[in-house]
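> structure for the following, please:
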Amino acid sequence: MSFSWIRVGAVARKEWYHVRRDPFTMAVGLALPLIMVVIYGVAIDFIIKDVSLAVSDSDHSQASRRLIDTFVSSNYFRGRSVPNPASAMTAVVSGDAKAALIIPPTFERDLLAGRSGQAQILLDGCDNSTVTPVLSYLDTIEAIASSKLAGATNDLPYDLRVRYLFNPELNSRWFTIPGLIVVIMAILAVFLTALTVAREWENGSMELLLSTPVHPIEIIIGKAVPYAGMGAIAIAFVYIVARFAFGVPFAGHLWVFALGCALFLVTYQAQGLLISIATRNQAVAMQVAMISGMVPSNLLSGFVFPIASMPRFFWYFTMLLPARWFMTIARFSFLEGSNFSQLGVSFLALGLSCAVMTALAVRAFKRTLE
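Model prediction:
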């Protein structure tokens, strides 16, 4: 029996009727991308600002006020005065403040005598997500304070200036939202596609479908088409929101980005079909899809945690995950404007993953039919 796109269209229309009648699928496919973009784009910001700072100034001098102003004017800290060092410590312990600045009564006297004025910073070490950026802020604040208080000048024979490429404002949304495309596509492709064949087996309609003169490849493609369309709509939606709502630049080539999207979508749809074929149960398929698809795309793709900082085993393990390579393609296309040759390794790895996963899904489906 020869391959026919007409039969593929018939299977795709049948699957689309299932999708339209299933409110859960429609909610996941259409509402979830909107919710995730709003949460990650608006509510989540990796740049820590307005850190609550309890200030104990026992010196009440011009020098101590300059030091406090240096902290507050940086926009990284939101200071409030406390009467003594014990109160500053209590504020950190109780959680009312993330940090405390304690200035001793001899601060200005030491500076005027040519000695080093000492002040203490207390940080809440329980919140590691706040401590790490605050430590980097302190280096800058220390240099500014030294210049203001002691009139320190830079006598080095060079002028070292830092320029941030691709993301000059260090806007975390520019980094997060392109990566969000990977997470959303993983949810739509793996999670929804994993339910297709399993639903047919549970409803008893698979036998009816197999009794018709339809080639297995036609069934696979036909079942994948509606979810591919939903994935394409989700990609377009996130792209539009990223560009026009959050001002994320797109410096690359649309065709390069579109090719990466297509390869990643086909790879994860094949993975979802493989799960659906192997489990034949929607509840089990959902669990396996979450463990094998959604969790790696969130935790091991570089979306949240940098791959370079992972232990060596996981650094190599992530090379097997398509999400890692598409994360590179998405972010580099948006921010760095990388072309196809510069992303050649990522495309090669993603293409191999696509070919292997598709071959496994087709083979498993044929074996099931036989």
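> centroid-wise, who is the farthest residue in this structure?
In the chain, the residue that sits farthest from the middle, by Cα atoms, centre = their mean, is Ala113; the gap is 51.5 Å.
> low-confidence regions, the stretch 201-350 of the chain specifically.
Within the stretch 201-350 of the chain, the stretches with pLDDT under 70 are 204-216.
> now do Ile35 against Val197, distance only.
27 Å (Cβ to Cβ, to the nearest Å). All C-beta spots, glycine's among them, are computed from the backbone N, C-alpha and C.
> the more surrounded of these two?
Val197 (29 against 10; other Cβ atoms under 10 Å).
> how near is the nearest residue to Ala245 once chain neighbours are set aside to Leu352?
Leaving aside its sequence neighbours, Ala245 sits nearest to Gly41 (Cβ to Cβ, 6 or more residues apart in numbering; 7.2 Å). Between Gly41 and Leu352 the computed distance is 32 Å (Cβ to Cβ).
> between these two, which one's more packed in?
Gly41 (19 against 14).
> please name the nearest non-neighbouring residue to the residue nearest in space to the middle of the chain.
Centroid check for the chain by Cα atoms, centre = their mean gives Phe303 as the closest residue, at 3.3 Å. Excluding the flanking residues, the one nearest Phe303 by Cβ to Cβ, 6+ apart is Gly179, at 4.5 Å.
> swap in Arg280?
Nearest one to Arg280, counting by Cβ to Cβ, 6+ apart, is Trp201 at 4.2 Å.
> ok, that neighbour to Ala119 distance?
Distance from Trp201 to Ala119, by Cβ to Cβ: 69 Å.
> repeat that for Ile221.
On the measure of Cβ to Cβ, Ile221 and Ala119 end up 68 Å apart.
> ditto for Ser2
Relative to Ala119, and taking Cβ to Cβ, Ser2 is found at 81 Å.
> and what of Leu67?
Distance from Leu67 to Ala119, by Cβ to Cβ: 6 Å.
> now do the shared contacts for those two.
Leu101, Ile103, Phe107 (Cβ atoms under 8 Å, 6 or more residues apart in numbering).
> top of these by neighbour count?
Ile103 (25 neighbours).
> residues in contact with that residue?
Contacts of Ile103 by Cβ under 8 Å, 6+ apart are Val55, Ser56, Asp57, Ser58, Asp59, Ser64, Leu67, Ile68, Ala119.
> which of these are buried?
Val55, Ser56, Asp57, Asp59, Ser64, Leu67, Ile68, Ala119 (16 or more other Cβ atoms under 10 Å).
> can I get the residues you listed in JSON lines with secondary structure and pLDDT?
Listed next are those as JSON lines, based on DSSP: H, G, I helix; E, B strand; the rest coil; pLDDT from 0 to 100:
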{"residue": "Val55", "secondary structure": "strand", "pLDDT": "93"}
{"residue": "Ser56", "secondary structure": "strand", "pLDDT": "93"}
{"residue": "Asp57", "secondary structure": "strand", "pLDDT": "92"}
{"residue": "Asp59", "secondary structure": "coil", "pLDDT": "90"}
{"residue": "Ser64", "secondary structure": "helix", "pLDDT": "87"}
{"residue": "Leu67", "secondary structure": "helix", "pLDDT": "88"}
{"residue": "Ile68", "secondary structure": "helix", "pLDDT": "89"}
{"residue": "Ala119", "secondary structure": "coil", "pLDDT": "89"}
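> good, wrapping up.
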